[in-house]
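In: this one's structure only:
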């Protein structure tokens, strides 16, 4: 099984690593990190990673994984990323979109008429790409799995292994990475968090929201739906 | 606040990124990834990252973070890693050890008489370093936080933010990364997983267990407790 992860600048590193640590444990899997060049890629918060292949020499894949993060907004309006995602996504057996990664899937025309999840602060943008927003932590529509923000990629990847391989393999991986979460607080969703905490998150991301609004408008227009 | 993450070859990437995505959201924080040189570091499964500083120019830190993974076993018997961990750990206000990272803390003499958690498959090695094994997902003993395998570092880091900064900041981060886990299966611990799944994990890691047994014996002897 060949799995390709998109590796773009300013992605959120846990969006990538959550599913990575699950999927890389599938027996016989080969994983590549695909970028525009072989130059190091810096995450939104500063962790630097190396791609393994470029758009030019990436193999077709069984599973395409699209993380999110603020950098998504740049990919939405970059025809290289949109076209590569559309091309590989249309050929892959399965697609995983984590967090705002579903916006890039949308811009690539892969979510037309499909239900999709997204980070709670970006879910509102899905209809611009013809997608139906889904508030669940993981959303499965056909061969496209999408999830909410950041950490949700772990839950989703374990579920994807159960579906793509078998349940025992998924359970073994869950035990290997000791995924028996004990979040210290209730909350973790807009619905379950105290109102003043939701407000703090929204206040902290106003600038990003404005940038995203513009990028989505431009990408949506390019998609011509 | 200065936070130093140890970045050694063959670490488990989620051990590092789980706490990283939480801690990097503390306002005003500066994070470095410390290694023996500035050469790229490859994780146990192949993701390549770049250090930001070396042992020689690392700053003293408020918080030292020690991930785990198979590569821990090499650090245990490498005086450079043991001495750097001992030196920085003895000066830090707080220490976080994730997964088998607690073995390196042990080899550095930081766990003498302390309770500590560890990946369930390596917990048995803690007494060799004078530590008292703790089966909980997160263990706090004085200024040392240790956790179980891999994903437990996310829970622990959120709790550490609540303690080191304040509860609202921790809650805001939990909502930003949408940490409202829905593991697809019960299980995720040795106690709660089906017996045949536990056996699959143990069978898959026999070779690693033998290597670790040797490394711990050598490191424990060097510690002279």
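Out: Now that the structure is in, tell me what you want to look at. Remember, it's a predicted structure, so these values are computed and weren't measured experimentally.
In: Can the longest helix belonging to chain A be said to contact chain B?
Out: Looking across chain A with DSSP state H, the single longest helix is helix A:206-223. No - counting by CB under 8 Å from any CB of the partner chain, chain B has no neighbours in helix A:206-223; the shortest distance is 11.2 Å. All C-beta atoms are positioned from the backbone trio N, CA, C, and that covers glycine.
In: which secondary structure elements does that helix contact?
Out: Applying 3 or more CB pairs under 8 Å, 6 or more residues apart in numbering or on different chains; DSSP states H and E, one finds that helix A:206-223 makes contact with helix A:72-76, helix A:79-91, helix A:101-107.
In: Tell me which of those is the most buried.
Out: helix A:101-107 (a mean of 31; mean count of other CB atoms under 10 Å in any protein chain shown).
In: Next SSE downstream of that helix?
Out: As assigned by DSSP states H and E, the chain's next helix or strand after helix A:101-107 is strand A:115-116.
In: List the contacts of the residue nearest to the spatial centre of chain A.
Out: Most central residue of chain A, judged by C-alpha distance to the mean C-alpha position with CA atoms, centre = their mean, is residue A:98 at 2.4 Å. By CB atoms under 8 Å, 6 or more residues apart in numbering or on different chains, the residues touching residue A:98 are A:15-16, A:18-19, A:65-68, A:146-147, A:150, A:152-153, A:156.
In: Mark which of those residues are buried, thanks.
Out: The neighbour-count test (16 or more other CB atoms under 10 Å in any protein chain shown) marks A:15-16, A:18-19, A:65-68, A:146-147, A:150, A:152-153, A:156 as buried among the contacts of residue A:98.
In: and the two most separated of these?
Out: When CB to CB is used, the two most widely separated members of these are A:16 and A:146, lying 15.0 Å apart.
In: quick one on the thing from earlier: chain center to the longest helix of chain A, what's the gap?
Out: Relative to its chain's centre, helix A:206-223 lies at 17 Å (CA atoms, centre = their mean, to the nearest Å).
In: For residue A:186, the count of nearby residues, please.
Out: Using other CB atoms under 10 Å in any protein chain shown, residue A:186 has 12 neighbouring residues.
In: do you know how far it is from residue B:26?
Out: Computed with CB to CB, to the nearest Å, the distance linking residue A:186 and residue B:26 is 21 Å.
In: picking up where we left off before, which one of the helices and strands packed on helix A:206-223 lies closest to residue A:207?
Out: With CB to CB as the criterion, residue A:207 lies closest to helix A:72-76 of these, at 11.3 Å.
In: Say whether chain B is contacted by that closest one.
Out: No - contact between helix A:72-76 and chain B is absent, the nearest approach being 15.3 Å (criterion: CB under 8 Å from any CB).
In: So what touches that helix?
Out: Contact with helix A:72-76 is made by A:6, A:8-11, A:81-82, A:85, A:100-101, A:103-104, A:107, A:208, A:211-212, A:215-216, A:218-219, as judged by CB under 8 Å, 6+ apart.
In: Work out for me the element residue A:3 sits within.
Out: With DSSP H and E as criterion, residue A:3 is part of strand A:2-6.
In: what's that strand packed up against?
Out: helix A:13-23, strand A:30-35, strand A:63-66, helix A:79-91.
In: again, only using 6 Å
Out: strand A:30-35, strand A:63-66 (3 or more CB pairs under 6 Å, 6 or more residues apart in numbering or on different chains; DSSP states H and E).
In: Need the nearest residue in space to residue A:5, chain neighbours excluded.
Out: Ranked by CB to CB, 6 or more residues apart in numbering or on different chains and with sequence neighbours excluded, the top spatial neighbour of residue A:5 is residue A:65, at 4.6 Å.
In: so what's that neighbour scoring on pLDDT?
Out: On the pLDDT scale, residue A:65 is placed at 98.
In: Many thanks, I have nothing further to ask.
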